[in-house]
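Colleague: for reference, the sequence and a predicted model appear below.
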Amino acid sequence: MSGSHPQYQRGAIGLLGILTLLLAVLFAALVIDTGRLMLEQRRLQMVADMAVLDASSGAGHCGDGSLQSAQLLAQQSAANHHHMTQPSDTLDVRLGTLSTGAGGLRQFVDSNASMASAVRVTAGRSVPASFFAGGLLGNDVTLSATAVAERRAIAGFSAGSMLLGLSDSDAALLNLLLTGILGSPVNLSLLSYQGIASTQISLADLVSASATAGSVEQLLNTNMNVAELLHLYADAVGQGAADVAVIAAMQSLAAASVDTLNLTIGDLLDVTTDSPEQAAEADINLLDLLTTTALVANGGQALLLPLDLTLPGIASISSQLTVTEPPQIAIGPPLRDSNGEWRTRVQTAQIEMQTLIQGDINLNVAGLIGARATVDLALQLAVAQGSAWLQQIQCSSLQTNHAVVTIGTQPGIADLRMTRASDSGATMGRIDVSAQVLLLGQIPVARVDVGLGLPLHHSGGVALVYGVDLRDADALPMVQTASTDVGASLENLSGSLTTDVTLLGVLPVPLLDQLIVDALLSQLLAPILVALAQTTVDPLLSVLGIDGGAISVQLFSVEMDRPDLMM
């Protein structure tokens, strides 16, 4: 009873008030500490986000692919946001790739810098655990924030290009090639080919023109024959503002095709992006697409090329071309794959060409009356594939819209040989020289064996660097070449020819062997080599995008996204 008497309750409210005030102070301190730590965490997250976005502008698909460059960019960004100002501040930068794990969640996986496409930045700082109970809860707590970003960049390029200039002879050879490949006569004018060469179409244009493909991925995997492909190109061109002559030329080519071979655009165009839709807006040169389509559709069949060479006395000059491996066009990102191979690469065509030269020609040899040479020669040209790969893209920044694309190249190897047309196993060609002697007719004078073995190759790979102003709509396509013309070399091969003269006649003319060789070089071999170089070899290889011992690379598209936070 005494305990419940009001007089014994005096001061209880005061104690309760003190306890309540203490609790309020503790909760206020907790709120303040928690809020302070949350604000510090948010600040660290902002530092990590900005640093990883800046680092991704010069790493992964962009930049030189080195960890040092990414670290420098991240550190500069962090310093701009007042990080790295205290001894406890940390900034960890990693390069890697993104993969999709269980439940569809993205995961960052560390990788070698040469294969990395993404950047991860972790910003850390040690701060007091509590302003009010530091000694009780611990002096410091380490906070950290992580961000992952990726900037996608792709480029499209091909090996070889007619953009360097088309001539009447190029147009004639293109007609010849397309006639043999498509199966019916093609006779387009130089103006038509020039219009095709100046026309660009994108994969998005082809998807829009297609009646069956609703996406780039479907388009790349849709089977079509050559005529259907050419009709698709013509429809895609017709949807835009292309020249009417170009549309008519493409429709004419489509009508000329009688080839039933099925192929896909994926056989012509190697899209190496993680998502093919990323390549939708890449503009592709129509002539490159056309010639690649024709060569792939040819399937390695030999093409006979009738040559229009006017060499008096030579009864037969003909060439046969075989494309043993077709060329490629590629669109994709730089960097290497998990096997250490370049992800985006192209190759030139691998070809074999043989020109047969047979017949009789009159010679002017001092000391011989009515000298005549019977020619049995074959000029054999083999060109192995060259390759090019997308090595690096230095992406544009907010301050400039200038990108730098580096494409590594390895030119193919060309091999020239002179053999006998009538004997495929011979190592040297043969020219028989005879002289007209009164009453006796043609008397054999000499047999001249002519040989040529000349490999033409580049000493090593060459990196081609393209500076692209992305603000200039006409900046692309761009072509660069490490050039050594096979034909140009043909014109100067007289000194590389080997001759073996066997005298068979009865006329005792001093130094007859040297006179015969000089006459053959000046009146027969040199004119033939020059004519082949000017009318066939150089133009034909140019049409096919091939240089012996060299490679021409056309950069036709550069696409890049803004840096994106992925995690």
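Modeller: Yes, it's here.

Colleague: could you look up the SS state of the closest residue to residue 222 other than its chain neighbours?
Modeller: In space, residue 222 comes closest to residue 213 once its chain neighbours are excluded; the distance is 5.2 Å by Cβ to Cβ, 6 or more residues apart in numbering. Glycine gets a C-beta too; all of them are placed from N, C-alpha and C. Three-state call for residue 213 (DSSP: H, G, I helix; E, B strand; the rest coil): coil.

Colleague: can you report phi and psi for residue 213?
Modeller: Dihedral pair for residue 213: phi -90, psi 130, per degrees, to the nearest 10.

Colleague: which residue ranges of the stretch 251-400 of the chain form helices?
Modeller: Taking DSSP state H, counting those that start in this stretch, the helices of the stretch 251-400 of the chain run over residues 265-268, 286-298.

Colleague: the residue nearest to residue 222: neighbouring residues, count only.
Modeller: As a burial measure, the neighbour count of residue 213 was computed by other Cβ atoms under 10 Å and equals 20.

Colleague: so it sits against residue 204, correct?
Modeller: No: assessed by Cβ atoms under 8 Å, residue 213 is found out of contact with residue 204, at 11.0 Å.

Colleague: give me the number of residues near the residue nearest to residue 295 when sequence neighbours are not counted?
Modeller: Setting aside the residues directly before and after it, residue 295 is nearest to residue 326 in space (Cβ to Cβ, 6+ apart), at 4.4 Å. Using other Cβ under 10 Å, the number of residues around residue 326 comes to 24.

Colleague: tell me the contacts of residue 326?
Modeller: Residues touching residue 326, when contacts are defined by Cβ atoms under 8 Å, 6 or more residues apart in numbering, comprise 292, 295, 296, 298, 349.

Colleague: go with 7 Å
Modeller: With contacts taken as Cβ atoms under 7 Å, 6 or more residues apart in numbering, residue 326 has the following neighbours: 292, 295, 296, 349.

Colleague: pick out the most distant pair among the residues you listed.
Modeller: Across these, no pair lies farther apart than 296 and 349, at 9.7 Å, counting by Cβ to Cβ.

Colleague: list buried residues within the contacts of residue 326.
Modeller: Neighbour-count burial (16 or more other Cβ atoms under 10 Å) applied to these gives 292, 295, 296, 349.

Colleague: so for the second one, what's the pLDDT?
Modeller: The reference is to residue 295. In the predicted model, residue 295 carries a pLDDT score of 81.

Colleague: and what of the first one?
Modeller: What the model reports for residue 292 is a pLDDT of 84.

Colleague: where does pLDDT dip in the stretch 301-450 of the chain?
Modeller: Under the criterion of pLDDT under 70, the regions of the stretch 301-450 of the chain flagged as low confidence span 305-316, 367-368, 397-400, 437-441.

Colleague: now do the contacts for the residue most central in space within the chain.
Modeller: Against the mean C-alpha coordinate of the chain, by Cα atoms, centre = their mean, the closest residue is residue 157 at 4.0 Å. Residue 157 makes contact with 330, 346, 388, 390, 407, 553, 554, 555, 556, according to Cβ under 7 Å, 6+ apart.

Colleague: give me phi/psi at it?
Modeller: Dihedral angles phi and psi of residue 157 (degrees, to the nearest 10) take the values phi -150, psi 160.

Colleague: any idea what it is bridged to?
Modeller: In this structure, residue 157 has the following beta-bridge partners (DSSP bridges): residue 330, residue 555.
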